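Q: Structure for this input, please:
(chains A, B, C and D)
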2 protein chains.
Amino acid sequence: MNTDDFTVAQRIHDGFDGLTRAERQLANIILENYPVSGLGSITALAENAEVSTPTVARMARKLGFGGFPDMQKQLRHELEATISDPLTKHDKWAADAPDTHILNRFADNVIDNLRNTLKHLNAAEFDKIVALLSDTEHTVAVVGGRLSHTLASYFFTHMQMMRDGVTLIERNSSSWPHYLLSLKEGDVLVMFDMRRYEQDLLRFAEMAKARGVRIILFTDQWGSPAGKAATHQIHSRIEVPSTWDSSVVTMFILEAIISAVQSQSWESSKDRMEELEALFEKTRLFRKFI
Amino acid sequence: MNTDDFTVAQRIHDGFDGLTRAERQLANIILENYPVSGLGSITALAENAEVSTPTVARMARKLGFGGFPDMQKQLRHELEATISDPLTKHDKWAADAPDTHILNRFADNVIDNLRNTLKHLNAAEFDKIVALLSDTEHTVAVVGGRLSHTLASYFFTHMQMMRDGVTLIERNSSSWPHYLLSLKEGDVLVMFDMRRYEQDLLRFAEMAKARGVRIILFTDQWGSPAGKAATHQIHSRIEVPSTWDSSVVTMFILEAIISAVQSQSWESSKDRMEELEALFEKTRLFRKFI
DNA sequence: TGCTTCTTGAAGAATATGTTTCAGAACGTA
DNA sequence: TACGTTCTGAAACATATTCTTCAAGAAGCA
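A: Numbers count the residues shown, from 1 in each chain, chains lettered A, B, ... in the order given. A predicted model of the protein is given here:
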């Protein structure tokens, strides 16, 4: 026990780059439920991580232990130290940072935002939005504001993978009239407008509504003026201890919607995905999973 | 496992009167450093308590377990329950939707991701990254992959508002060599590479490193191969009940970094922000806060 | 004291654990 | 594509653990 000072977690972090695929998989399982997951038998741990026992033994060596039992001993030592230390109250997020560290303050805040957003979110409304977006009878256009364009782009990228007829409207509002032309009655416009609400978006929404376009609006808790033109809207909490507002909760909702659309239209999107995979494979643009 | 509800400690207390001298001696050792002392081998525990191994095995039976390993299993369960954070136990997020609604499942999952990410995030490393990004002596370039380009873009947009010398590298990798040319020793490259790690990003990272560029890598829990070239890296948990991975946690970290950079360099960025405001005002592109 | 019952640990048997070896798979490279 | 390298898990092996047996010793009792 010469290098007792380094925790198993620390050694994993330090040596993470040198770990192989299976070893990383294992490392993650160990860290996931740390340190309990490492206290059982080597067999149990291996099964849990879906790797072989030799992999576990090898990694223990790689991390500088004599073997698996040696590593386990270290885990027990750490646990002992942790448990006897009353300071280890788990009211902190980033364990090694003080409560007042921005990470911890931010985390508290974002969780709060998420909780409040969901509390005031109507699940039925959510489901309707998902249904609208799954309906391939109508096209979907996505538009965002100065800062929220990123969210629009993120949403577009995923939707595009799942279905036909999805357009991302350019950032520059001078081209918007052209896009408006191709939007027909019943089509869907997904709009992002967070505080510092933008005049152009409001006008765009109004004109789209006049054409019979159905608008799904993502806005903040105070609500964009474009809300008047929207068929459905989702209000996210965006305040955080920062000069800027947070997009985390909105992104959360977007991902939930994407996931729901995907599972709703799995039959049709499955083929599409496979085709896409094949295309990527052909162009060899992307490596396979390591 | 029928009487799982009783902890080992409880069973010891309840059955203490029925224990023999050697067994009591053993029981005291178990309770003394509970539950760690019971997590080693039966031999170690026996030696620790100065009794024989059969005594340990017998007592485990006596307390109602199938044997020593069975008792140990229970100890690990208890430990897990103790250690795991009660914050997760938010039965429902979206109040009017069933537990199984995608919103609730997603919320549980994302919180889990956030917790695990932060638990294994090094706050010192975070602070170093913030310092690097606050240093205006060197330029900052931001690059992302197919799906993570959005994150790169989000980060860029905010950084650009706070400081000079920030570049967003185009999506199309054929133009990357040009960007490489303008990166000098000591400059900072912020890279995003999530699973389906991209070959081009790896090569870009290697070449940048060769030029003495310091790389901040945002990757997932498994780690991009570009990690070998990175000066600092942040691993986010990205798995959610969806066909795609989640960017929520990464975005959370980004926002925290942005906020930290902002407060770190407030003196210099304040003027810049005001100038920016004035410009926006002039071009009347954006309405004031309603 | 002598008898019985209970407790205890040494020793060996049964079992599970941990390690090593090795061949095939996956990967990187030319 | 072909080659060399690295990674991985099945299987055999060595080792440690846990359990069982059993006899010696302690404790209680007449």
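Q: Need the three-state assignment for A:Gly40.
A: Under DSSP: H, G, I helix; E, B strand; the rest coil, A:Gly40 falls in the coil class.
Q: what about the closest residue to it other than its chain neighbours, helix or strand, and which?
A: Closest residue to A:Gly40 apart from its sequence neighbours, by CB to CB, 6 or more residues apart in numbering or on different chains: B:Arg76 at 6.5 Å. C-betas here are computed from N, CA, C, even on glycine. Taking DSSP states H and E as the criterion, B:Arg76 maps to helix B:68-83.
Q: Is the next helix or strand after that helix in proximity to chain A?
A: Reading on from helix B:68-83 to the C-terminus, the next helix or strand found by DSSP H and E is helix B:102-119. Yes: judged by CB under 8 Å from any CB of the partner chain, helix B:102-119 and chain A are in contact via B:102-103, B:106-107, B:110-111, B:114-116, B:118-119.
Q: List the residues that contact A:Arg214.
A: A:132, A:138, A:186-189, A:231-232 (CB atoms under 8 Å, 6 or more residues apart in numbering or on different chains).
Q: hmm, back to that, what about the helix holding B:Arg76, average pLDDT?
A: Taken as a whole, helix B:68-83 has a mean pLDDT of 84.
Q: between that helix and helix A:68-84, how many degrees?
A: 40 degrees (axes from the mean of the first three to the mean of the last three CA atoms, to 10 degrees).
Q: any idea how far the residue of the stretch 51-200 of chain A found nearest DNA strand D is from B:Ala124?
A: In the stretch 51-200 of chain A, the residue that lies nearest DNA strand D is A:Ser52 (3.1 Å; CB to the nearest atom of the strand). Note on A:Ser52: its distance to B:Ala124, by CB to CB, to the nearest Å, is 35 Å.
Q: Break chain A down into its domains, please.
A: Listed domain ranges for chain A are A:8-84, A:122-283 (source: automatic domain parsing).
Q: out of those, which comes closest to B:Leu202?
A: Nearest to B:Leu202, of all the domains of chain A, is domain A:8-84, at 12.8 Å by CB to CB.
Q: for that closest one, the distance to its chain's centre please.
A: Mean C-alpha position of domain A:8-84 versus that of the full chain (CA atoms, centre = their mean, to the nearest Å) differs by 27 Å.
Q: Is that domain positioned near DNA strand C?
A: Yes: using CB under 7 Å from any atom of the strand, domain A:8-84 reaches DNA strand C at A:41-44, A:53-54, A:57-58, A:60, A:66-70, A:72.
Q: Can you measure across stretch A:140-151, start residue to end residue?
A: 15 Å (CA to CA, to the nearest Å).
Q: Which one of the residues in chain A is closest to DNA strand C?
A: Closest point on chain A to DNA strand C, by CB to the nearest atom of the strand, is A:Gly67, at 2.2 Å.
Q: Let's test this: what are the backbone torsions at that residue?
A: phi 170, psi -180 (degrees, to the nearest 10).
Q: Tell me the spacing between the nearest residue to it once chain neighbours are set aside and chain B.
A: Once flanking residues are discounted, A:Gly67 sits nearest to A:Ala60: 5.7 Å by CB to CB, 6+ apart. Using CB to the nearest CB, to the nearest Å, we find A:Ala60 at a distance of 16 Å from chain B.
Q: cool, and A:Arg237?
A: 13 Å.
Q: now the helices: where do they sit in chain A?
A: Per DSSP state H, chain A carries helices over the ranges A:8-15, A:21-32, A:42-49, A:53-62, A:68-84, A:102-119, A:123-134, A:149-162, A:176-181, A:199-210, A:248-264, A:266-283.
Q: From the contact counts, what lies against the fourth one?
A: Put plainly, it is helix A:53-62. In terms of contacts (3 or more CB pairs under 8 Å, 6 or more residues apart in numbering or on different chains; DSSP states H and E), helix A:53-62 is packed against helix A:21-32, helix A:42-49, helix A:68-84.
Q: Look at the residue lying closest to A:Glu255 once chain neighbours are set aside and report its pLDDT.
A: In space, A:Glu255 comes closest to B:Ser246 once its chain neighbours are excluded; the distance is 5.5 Å by CB to CB, 6+ apart. Listed pLDDT for B:Ser246 reads 95.
Q: Next, B:Ser246: phi, psi?
A: Dihedral angles for B:Ser246 - degrees, to the nearest 10 - are phi -90, psi 140.
Q: got the contact list for it?
A: When contacts are counted by CB under 8 Å, 6+ apart, B:Ser246 touches A:255, B:109-110, B:113, B:238-240.
Q: In contact with the residue of chain A closest to DNA strand C: list those residues for me.
A: Going by CB under 8 Å, 6+ apart, A:Gly67 touches A:57, A:60-61.
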